[in-house]
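# After the sequence you'll find the predicted model.
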Amino acid sequence: MNERTPVPEGLTEQMKHLEAEAARAFPTPAEKQYPLPPSVVDASDYTDPNLFDREMKAIFHHSWFPVCPTVDLRNPRDYVVWDRLQQSIVIARLDDGSIAAWHNVCQHRGARLLKESGSCKGGRFACPWHGLQYDLSGIVKAVPLKESFDAARLEGLRAPAVRATEWGSFIWLCLSDDVPELEPYLGAVGEELSFYGLDRFETRFRYEIELNANWKVVVDAFNETWHVPFTHSVTLGKFVLWRDAHLRITPPHSWMTLPLKGFTDRMGDADHRLKNICHYTAFPNTVFSCFPTHLQTWNVWPVSVDKTIMTAWGVVGPAPEGVSEDDWQAQNQRDWDHFVAVSAEDAAVLNDWGTVSHSLGAKQYMFNTAESRLTAFHQEVARRVAAATS
Ligand code: FES
Ligand SMILES: [Fe+2]
């Protein structure tokens, strides 16, 4: 008989401890801290204008991204004019509470219909060039000199609609009809985010910065933590346990848990979202950096191969019990100021990166295993560009 030798009682606790240590040091593949092997990309991936154009079409024309907080469309007939990605899109709150989005381009001869965000009290507006009238769902309602047009061309005329949906306290857009609905698109990252109850959250802070760097290096900069002790030695280095970040690749998206010194350990077996900063990147350009009570969300918007705009929102949940609204606002203001200071540190490195990105000395860049999220991101970009051009 092959009986196991009984373990002396005093040793059991010690063995449990050793098992736990071993599990921490050698996680199972599914839980591996750094899940992908090292990889390499060509430096020209960040500087090639032709590749940039292909990325815009293959990726940004076929993805979902949040474009504004729902608070920007609080009342019926409020509208937002969104100008990014060489597009201008109007998103409007209709009288029945739903939203409509459409291209901000007159269907007569291409004038820009609405200059900037606002509220349309009468529910209709006229093109500034020859006066075609539209309603807030983008439908043409009146045409001056109507009889001088080919009647068939006016039938059902409208500014082309854009897919839009409200989710997690944001309005999201998608420029393509061949992409799944938002929730299936977000997949595991959407399920993770659902935990926070974001519909109860409200955007209270905003920030925008232009960076002289390619959009992908800006995404890269936010998807690894081992720059923390160097770029953010004072602002983050002391309380973020950057070495203990655990990365998760859930293609096309990725996320990581980032423990906090003196806090995460004390929270014991609590859900990972209650005791860590949980950092989610929804492909291609949206980051959610979540605390249980508030989060920062930011987007990376390509402008040209060497220029990128980053927009960020500070999103705040309801005041915890026993905390006054004033104290809550002051606390969130401090958090937001801290976020802006940290972002400025990243921006300084990224702008300097841009000054040498065309250097003859920039040939290939390496991603180590701690940069697995970057490897996964670049693989996804390359896969989509290749699929679109094949
Ligand atoms: S371009 Fe709008 S009415 Fe002519
Ligand atoms: Fe950073």
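Ah, there it is. Note that the coordinates shown come from a computational prediction; the quantities given were computed from them, not determined experimentally. Ligands and ions are numbered 1, 2, ... in the order given.
# For stretch 128-140, which residues meet the burial criterion?
Neighbour-count burial for stretch 128-140 flags 132, 134-140 (criterion: 16 or more other CB atoms under 10 Å). Just so you know, the C-beta spots here come from the backbone N, C-alpha and C atoms, and that holds for glycine as well.
# what's the answer for stretch 354-373, then?
Neighbour-count burial for stretch 354-373 flags 354, 357, 365, 367, 370-373 (criterion: 16+ other CB under 10 Å).
# Show me the contact partners of that stretch.
34-43, 46-47, 211-214, 217, 220, 223-226, 245, 247, 249, 254, 256, 281, 306, 374-375, 378 (CB atoms under 8 Å, 6 or more residues apart in numbering).
# Kindly recompute the last result at 6 Å.
34-36, 38-43, 46-47, 212-213, 223-224, 226, 247, 254, 374-375 (CB atoms under 6 Å, 6 or more residues apart in numbering).
# Convert the C-alpha atoms of that stretch to PDB, please.
What follows is stretch 354-373, C-alpha atoms only, in PDB (Å, rounded to 0.1, in the frame of the first residue of the first chain):
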ATOM      1  CA  GLY A 354       9.100  62.600 -29.500                       C
ATOM      2  CA  THR A 355      12.300  64.700 -30.000                       C
ATOM      3  CA  VAL A 356      14.300  61.600 -30.800                       C
ATOM      4  CA  SER A 357      11.700  59.300 -32.400                       C
ATOM      5  CA  HIS A 358      13.100  59.900 -35.900                       C
ATOM      6  CA  SER A 359      16.700  59.500 -34.800                       C
ATOM      7  CA  LEU A 360      18.800  57.200 -36.900                       C
ATOM      8  CA  GLY A 361      19.700  55.500 -33.600                       C
ATOM      9  CA  ALA A 362      16.100  54.500 -33.000                       C
ATOM     10  CA  LYS A 363      15.900  51.100 -34.800                       C
ATOM     11  CA  GLN A 364      14.000  48.500 -32.600                       C
ATOM     12  CA  TYR A 365      12.400  48.700 -29.200                       C
ATOM     13  CA  MET A 366      12.200  45.900 -26.700                       C
ATOM     14  CA  PHE A 367       9.300  45.000 -24.400                       C
ATOM     15  CA  ASN A 368      10.200  42.800 -21.400                       C
ATOM     16  CA  THR A 369       7.800  40.400 -19.700                       C
ATOM     17  CA  ALA A 370       6.700  43.200 -17.300                       C
ATOM     18  CA  GLU A 371       5.600  45.000 -20.500                       C
ATOM     19  CA  SER A 372       3.300  42.100 -21.600                       C
ATOM     20  CA  ARG A 373       0.400  44.400 -22.000                       C
END
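# what separates that stretch from the chain centre, distance-wise?
Put simply, stretch 354-373 sits 22 Å off its chain's centre (CA atoms, centre = their mean, to the nearest Å).
# what pLDDT does Val342 get?
Val342 is assigned a pLDDT of 96 by the prediction.
# And for it, the neighbour number?
Using other CB atoms under 10 Å, the number of residues around Val342 comes to 19.
# what do you get for Tyr280?
Tyr280 has 23 nearby residues by other CB under 10 Å.
# now Trp167
For Trp167, the neighbour count with other CB under 10 Å is 19.
# Tell me the spacing between it and ligand 1.
Separation of Trp167 from ligand 1 (CB to the nearest ligand atom, to the nearest Å) stands at 33 Å.
# Over to Asp135?
Asp135 is 15 Å from ligand 1, by CB to the nearest ligand atom.
# try His227
Counting by CB to the nearest ligand atom, the gap from His227 to ligand 1 is 49 Å.
# just Pro144 next, same as before
Note on Pro144: its distance to ligand 1, by CB to the nearest ligand atom, is 8 Å.
# repeat for Pro251
In terms of CB to the nearest ligand atom, Pro251 sits 43 Å off from ligand 1.
# pLDDT on the helix or strand containing Asn299, on average?
Taking DSSP states H and E as the definition, one finds Asn299 inside strand 294-304. Looking at strand 294-304 alone, the average pLDDT works out to 97.
# Good, wrapping up.
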